[in-house]
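*Asks:* let me see the structure of the following:
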Amino acid sequence: MNFVTGGSGLVGSHILLELAKKGEPIVALKRASTDLSVVKELFIRNNLHSEFNNIKWVAGSLSDINVLVEHLENCERIYHAAALVSFDSSDRSELIETNIEGTSNLVDAALVIKPKKFIYISSTSAIGKQPKTKVINESNEWDPDNKNGSYSFSKHYAEREVWRGIEEGLNTVILNPAVVLGPGKWGTSSTRMFSTVYNGLQFYTKGGNAFVDVRDVAQIAIKLAESSISSERFLVFSENRSFREIMNLIAKGLNKSPAKYLATPFMGYLAGLTAEIWAIISGSSPLITRDSSRSANSTQQYSNRKLLSAIEHDFIPIEKCIADTCEVFLKAQKIN
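*Replies:* Below you'll find the model as predicted:
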């Protein structure tokens, strides 16, 4: 039996899909109020409607260890993909509660059950920023003084809880995906890039990062879960690209004009500050924050050499990833 958290999210839903393709039995944790329509649509697009119905969804929270232990019984593999993704500093307490405390609770519950494998979906954000001239790998150390945002802070210390579990005997592999691209709940997390371009993006930034198709992340998570590899972390991505390249590819896939104007770091800072102030006044979530603006204007270079030497995997090219995602996005616009 496989236990999956975050099954309604981008990575978690695709882990469910890949497990279902293999005919694996699945227990998926969800909040009582969670809308599963996006997950159901994903399964239907892949002709796996009956497999979606075979998933055992259990209502619960990462805050209750006793409930987690009960649901984890007889589960041989745990995929922990649940996380709050936010670059809004006002969400710091919720980020700590969900990402750090929730992960700590699941680790404690897993130590009781002792599964064959615990797979944690972390993030490159957990490693922190490095100078753009430095190629980042799994051995890079966290610098607490390097203007890491609240999300990075939460993912780093959540990962520390997983390492604690490893020290206490939990058979674990940690994945650190870069920017994950793919179809999900539009307007949230990285899918926001597609809706932003569709609505007419005018500005681009000079920054860059590493990117990966969500299907790759899900497949790699399962490969590592089924392997003998343990007590390791792996950067998971296919290509280092500039944000302008990515946005231009999205614009092409959505039949939109590419952004024309350069947004300087100062412009981004002002835009983020203004959006945060308006969010406080209106009670809404900001479309851009000072933290996300800093990220968009910084360049991070990563190496995936360790992963490719550990397992065999052919990454989906970023061009195909974006083209496929744009196709799903456009179909969704016609339906809505």
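*Asks:* rest of the way, CA atoms for contacts and neighbours
*Replies:* Noted.
*Asks:* do a quick rundown of the strands in the stretch 201-336 of the chain.
*Replies:* Taking DSSP state E, counting those that start in this stretch as the test, the strands found in the stretch 201-336 of the chain are 203-204, 208-213, 232-236, 239-242, 261-262, 301-302.
*Asks:* closest to residue 97 out of the ones you listed?
*Replies:* Among the strands of the stretch 201-336 of the chain, strand 232-236 comes nearest to residue 97, with 23.1 Å by C-alpha to C-alpha.
*Asks:* how about that closest one: buried residues?
*Replies:* 233, 234, 235, 236 (16 or more other C-alpha atoms under 10 Å).
*Asks:* stretch 170-182 too?
*Replies:* Buried residues in stretch 170-182, counted by 16+ other C-alpha under 10 Å: 170-182.
*Asks:* export the residues you listed to TSV and tack on secondary structure?
*Replies:* Below are the buried residues of stretch 170-182 laid out as TSV (DSSP: H, G, I helix; E, B strand; the rest coil):
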residue	secondary structure
170	coil
171	coil
172	strand
173	strand
174	strand
175	strand
176	strand
177	strand
178	coil
179	strand
180	strand
181	strand
182	coil
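*Asks:* so what's the gap between stretch 123-137 and the chain middle?
*Replies:* 16 Å (C-alpha atoms, centre = their mean, to the nearest Å).
*Asks:* got it, and stretch 251-262?
*Replies:* 25 Å.
*Asks:* list every C-alpha atom in it, with coordinates, as PDB.
*Replies:* In PDB, the C-alpha atoms belonging to stretch 251-262 read as follows (Å, rounded to 0.1, in the frame of the first residue of the first chain):
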ATOM      1  CA  ALA A 251       3.500  32.800 -24.800                       C
ATOM      2  CA  LYS A 252       4.200  30.800 -28.000                       C
ATOM      3  CA  GLY A 253       2.100  27.900 -26.700                       C
ATOM      4  CA  LEU A 254      -0.800  30.200 -25.800                       C
ATOM      5  CA  ASN A 255      -0.600  32.200 -29.000                       C
ATOM      6  CA  LYS A 256       0.200  35.400 -27.100                       C
ATOM      7  CA  SER A 257       2.800  38.100 -27.700                       C
ATOM      8  CA  PRO A 258       6.000  37.800 -25.600                       C
ATOM      9  CA  ALA A 259       6.700  40.300 -22.900                       C
ATOM     10  CA  LYS A 260       8.500  43.400 -24.300                       C
ATOM     11  CA  TYR A 261       9.800  45.400 -21.400                       C
ATOM     12  CA  LEU A 262      12.500  44.600 -18.900                       C
END
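*Asks:* list of residues touching it?
*Replies:* Defining contact as C-alpha atoms under 8 Å, 6 or more residues apart in numbering, one finds that stretch 251-262 is touched by 197-198, 200-206, 247-248, 322-323, 326-327, 330.
*Asks:* whichever of these end up buried, select them in PyMOL.
*Replies:* The PyMOL selection below is limited to those of the contacts of stretch 251-262 classed as buried (16+ other C-alpha under 10 Å):
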select buried, resi 197+198+201+203+204+205+247+248+322+323+326+330
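*Asks:* still on that earlier bit, the strands of the stretch 201-336 of the chain: which one's closest to residue 87?
*Replies:* Of these, nearest to residue 87 by C-alpha to C-alpha is strand 208-213, at 16.1 Å.
*Asks:* give me the mean pLDDT for the closest one.
*Replies:* Strand 208-213 shows a mean pLDDT of 96 in the predicted model.
*Asks:* which other residues reach it?
*Replies:* 177-182, 236-244, 296-302, 315-316, 318, 321.
*Asks:* quick one, which of these are buried?
*Replies:* For those, a neighbour count by 16+ other C-alpha under 10 Å gives the buried set as 177-182, 236-244, 296-302, 315-316, 318, 321.
*Asks:* all helices for the stretch 201-336 of the chain, in order.
*Replies:* 214-225, 243-253, 265-282, 290-296, 305-310, 318-335 (DSSP state H, counting those that start in this stretch).
*Asks:* between those helices, which gets the lowest average pLDDT?
*Replies:* When I compare the helices of the stretch 201-336 of the chain, helix 265-282 is least confident, with a mean of 60.
*Asks:* who's in contact with the closest residue to residue 304 other than its chain neighbours?
*Replies:* Take residue 304 and drop its neighbours on the chain: the residue closest to it by C-alpha to C-alpha, 6 or more residues apart in numbering is residue 235, 5.7 Å away. Counting by C-alpha under 8 Å, 6+ apart, residue 235 touches 124, 137, 138, 175, 176, 177, 178, 302, 303, 304, 306, 307.
*Asks:* tell me where the model's unsure across the stretch 101-250 of the chain.
*Replies:* 132 (pLDDT under 70).
*Asks:* thanks again, I'm all set now.
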